[in-house]
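J.: predicted model, plus sequence, below.
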Amino acid sequence: MNIAQEQTQHCIDVCNSLLRGELSAVEAYSQVIHRFASEPQAGTLIHIRDEHLWAVDRLRHNVREMGGDPDTDSGAWGALVKTLQGTANLLGENSALHVLEQGEKHGRNEYREALADDEVLAECKQMIRGDLLPRTEQHLITLERLGNP
């Protein structure tokens with residue numbers, strides 16, 4: 001494997017890691033939306049979940065464009081998030097929103113790490129910087145507003 005192939009494979013691995021995080025976010029929001037079904041916040045949470053679905057599609061497409069196979073599930077991280085979110089849902093609305101907020105912060109950090117990684121391809125960084133990270137930062141603002149009306 002030459003240097004360009006190694007860099008592409010590294011970028012595929014990073015994007016698949018980001019993809020697993022986005023799949024985990026979709027799962028977490030789906031759980032919370034179910035709990036908030038009759039609350040006014042449900043529409044906002046559905047919108048954020050749909051943006052995570054968009055990010056899933058974007059990352060899958062990106063991995064395919066690089067010649068890789070996109071991951072299909074959230075893996076171990078998703079299982080942990082499901083457990084945490086399920087417990088938070090039992091504790092109440094503020095706990096559920098807090099877990100979502102922590103997940104968004106984790107995602108933001110993952111995107112920032114990818115941007116700082118010299119081996120991540122410029123096209124991937126452009127997608128993260130231009131689309132994925134700004135949406136994650138907006139999600140945090142929205143969740144903070146929901147948690148502190």
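T.: Great, that's in hand.
J.: right, and E101 touches T136 too?
T.: No - using CB atoms under 8 Å, E101 is not in contact with T136; the gap is 11.2 Å. Backbone N, C-alpha and C define where each C-beta goes, glycine included.
J.: those two - which one has more neighbours?
T.: Legend: neighbour count by other CB atoms under 10 Å for E101 and T136, higher for T136 (27 against 17).
J.: now do the contacts for the most centrally placed residue in the chain.
T.: Geometric centre of the chain, nearest residue: E22, 2.9 Å, by CA atoms, centre = their mean. Each residue near E22 by CB atoms under 8 Å, 6 or more residues apart in numbering is listed here: H52, A55, V56, L59, G107.
J.: and it, which helix or strand is it part of?
T.: Element membership of E22 [criterion: DSSP states H and E] is helix 3-35.
J.: which element follows that helix toward the C-terminus?
T.: Assignment by DSSP H and E places the next element after helix 3-35 at helix 42-65.
J.: starting at the chain centroid, how far to that next one?
T.: Computed by CA atoms, centre = their mean, to the nearest Å, the separation of helix 42-65 from the middle of its chain amounts to 8 Å.
J.: buried set for the strand or helix carrying A96?
T.: Secondary structure assignment for A96, by DSSP H and E: helix 93-116. For helix 93-116, burial by neighbour count (16 or more other CB atoms under 10 Å) applies to 93, 95-97, 99-101, 103-104, 106-108, 110-111, 114.
J.: and for stretch 132-139?
T.: Quick answer for stretch 132-139 (16+ other CB under 10 Å): L132, L133, R135, T136, H139.
J.: before I go, just wanted to say thanks for your time.
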